[in-house]
Structures are given as structure tokens and as C-alpha cells.
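Student: Predicted model and sequence below, questions to follow.
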Amino acid sequence: MAKSAVYVNSDIESSDDEVITSKSMSYQPPAGFSLHKPKKGASSDFDISNTSENEVWLIRVPEGITNEDLSSIKLKTMPPTSGKSSHKTVTLGTLKKKDTSTTKYALQTITRDSGFAQEVFSLCPLFPTKAEPGHVIQASSGLNAVTHHLALVVEPTTPAIEPLAEEILSRPYQPRDQPEGLKMRFQFAGSQTQVPGTKLSGSGKQFAARWAETLEKRRKQEEEEKEARLREEQEQEEAEAEENDTAEEKAEEEKEEVAEEVDESQLEEQEQEKHSKKRKNEDAETEEVDAKEEKKHKKEKKEKKEKKHKKDKKESE
């Protein structure tokens, strides 16, 4: 079978092309990478084995953790490794950054059965090479090159359960607002069950006693709220009744004022009518007197005219 030739360009070594022969090779390495030629009989430049004095620790750290932070961790002695796999996680040390006041970190071991950070087992470390300073090579031994897998995780800040329970029990009971016209029928399991405090002992009995006190407080609170609502409704009804009485009194006063205004306007109209009638009567009397005077004046004038005519007639005779 003929061997195929593959040309690999390297920007690090030189601009010359390097010929690599292989039975069947279609892979082209990315720019900046070159083929590493290991020494004969050696897996890598670093011969790491179970009997070696050097160890490789693979630590997964969160964002924001520096090498200076890691150097400040005081580690405990690493527990001895056994042939059997264990899911138990061991904390080797803790870290608290200076710029934070609440966040604490714990350096914990990772095993195949620990249940977290399993992605570290798929990583293969890169080591510096002696032949080419500034370059790194992939460890050919894979997982066997890593002695311990560790992870720096944030410690939980959940408060203790007992103080939290005390705080929850001390909260005031907030009854559910029932919509008007509806009745609740669903009751979840245990909602109507009394706490059997007599059958408990120790901390359970104390908790039952505190729970009974809490229920009693809630019952009293419900009664007080019910009384307060009744008082509020009664005060509201009294206020509405008083407001209605005030409105009725005001309406009566307005009616009386309107009646008085009507009476005054009627009296004024009557006075005006009387004055108008009186004036008409006076005008009629004045006209009658004037007519009599005019009639009398006409009669006198006629008599004078007749007397003058008679006188003129006598003189003419």
C-alpha cells in the first residue's frame, strides 16, 4: 500500500513545509500547531507514575479566583487513596477573599461517584516541553497523569434550621381572603389534624408545644381581626346612617327654603298685581274725570256759541 504525504504548516517553527507520512491521514492541524516528536521509549517529557515523587493536582476554580488567593489556602493532609472508588467528598481547606465579607469557598476532592464537577475527568492536562521552551504538549497518559481532582466551591450560607423554624413560627398569621359569595371546600391533607403533643418527647414535644401556642395565637388573632372588622362595619353603618340623616335634614331645609322663596315670590307677585290693578283703577278714574271735564267743556262751549248766535240774530233784526 502506498503511503500518503501530508503537509503541515507551522507558524512557530519556520515557514518551511514539513512532510508527514501516514497510511491514511486527512487531519489538518490548526494554525500555530505543529507535530510533536516524542523521545523513543518515553510517554512524555514528564514521566509521571504512581511511584513518582511529583503529583499533578487538577483544581477547578470559579471566576475571580487568582493564584494569590489559592496560595493563601491552608490544606489538610490528603487522605490516602484506596483501590475502591468512594463517593465521599473531603474538604481540604477553606478560602475567604479579602474583598468579600460573606462568600466562603471550600476546596473539596472530586471522585467518580461524588456527583458534581464530573467534567474534570474529561480534561487532559498540557505540560511544558523541555525541547521547545514556551510550548506545551498534551499528556499522553491521560487521566493517569492527574493525581487528584479538586474543586473550589462556594460554601452554602443557609442559616441553621432551628432559628429559621423559630422565625417562621413567630410570623403573624395571614388568613386567606375569601371571595364574597364563595365557600372554600378544598382542604389539603393534615390541615385539620391536631398536633399529638402527648405522644412526643424531647425536642419534638417542645416543638409541638410551641406549635400549639402558635395556633392559639393565630386563633386569638383571627378573633381580634373578626371583632375589628365587625366594629369597623358597625362604625361604617353608623356613619352611613348619620350621613343619611344629615342628607335628609339638609333636603328638608332646602325644601323649606324653596317654599319660603316661593311664598315670597307669590307675595311679591300679588303685591305687583294689586299695584297694577290700583294703577289701572286710578288711570280709569283719571280718564273718566277727563272725559267728564271735556264733555262739560264742550257743552259750555256749545251753549256759549248758541247764545252768541241768538244775540247776533236779535241784533240783525
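Tutor: Done, it's in.
Student: Could you list the residues in contact with the helix or strand containing Gly93?
Tutor: Here Gly93 sits within strand 91-95, counting by DSSP states H and E. For strand 91-95, the external contacting residues (C-beta atoms under 8 Å, 6 or more residues apart in numbering) are 65, 69-70, 72-76, 78, 104-109, 150, 152, 155. (Each C-beta comes from the backbone N, C-alpha and C, glycine too.)
Student: redo that, cut-off 7 Å
Tutor: Contact with strand 91-95 is made by 69, 72-76, 78, 104-109, 152, as judged by C-beta atoms under 7 Å, 6 or more residues apart in numbering.
Student: what's the answer for stretch 174-184, then?
Tutor: Residues from elsewhere that reach stretch 174-184 (C-beta under 7 Å, 6+ apart): Glu222.
Student: re earlier: name every strand pairing with the strand holding Gly93 and say which way it goes.
Tutor: Partner strands and pairing direction for strand 91-95 (DSSP bridges) are strand 105-109 (antiparallel).
Student: Just the mean pLDDT for the partner strand, thanks.
Tutor: The average pLDDT for strand 105-109 rounds to 87.
Student: same check, this time on stretch 279-298
Tutor: Here the average pLDDT along stretch 279-298 is 82.
Student: please begin residue numbering at 36 from this point
Tutor: Sounds good: first residue 36 from here, last item stretch 314-333.
Student: ranges for the strands of this protein?
Tutor: Remark: strands assigned in the chain by DSSP state E are 39-43, 53-57, 92-95, 126-130, 140-144, 161-163, 171-173, 183-189.
Student: burial of Leu187, as a residue count?
Tutor: Using other C-beta atoms under 10 Å, Leu187 has 20 neighbouring residues.
Student: pLDDT score assigned to the nearest residue to it once chain neighbours are set aside?
Tutor: The spatial neighbour of Leu187 that comes closest, neighbours along the chain excluded (C-beta to C-beta, 6 or more residues apart in numbering), is Val96 at 4.6 Å. Val96 carries a pLDDT value of 89.
Student: The one 4 residues further on too?
Tutor: Ile100 is assigned a pLDDT of 84 by the prediction.
Student: that older thread, quick one, phi/psi of the residue nearest to Leu187?
Tutor: Note on Val96: its backbone torsions stand at phi -120, psi 150 [degrees, to the nearest 10].
Student: burial of it, as a residue count?
Tutor: There are 17 residues near Val96, going by other C-beta under 10 Å.
Student: ok, now how distant is it from Val189?
Tutor: Val96 is 11 Å from Val189, where distance means C-beta to C-beta, to the nearest Å.
Student: Tell me what Phe162 is bridged to.
Tutor: Ile172.
Student: That one touches Val171, doesn't it?
Tutor: Yes: contact status for Phe162 versus Val171: in contact at 6.3 Å, counting by C-beta atoms under 7 Å.
Student: more crowded one of those two?
Tutor: Neighbour tally, Phe162 and Val171, criterion other C-beta under 10 Å: the higher count belongs to Phe162, 16 against 12.
Student: Tell me how far the more buried one lies from Lys218.
Tutor: Distance check for Phe162 against Lys218: by C-beta to C-beta, it reads 75 Å.
Student: low-scoring pLDDT stretches of this structure, where are they?
Tutor: Along the chain, segments meeting pLDDT under 70 span 36-60, 71-88, 115-122, 134-136, 166, 174-179, 193-195, 225-240, 352.
Student: Regarding this structure, what is its longest helix?
Tutor: Using DSSP state H, we find that the single longest helix of the chain is helix 238-351.
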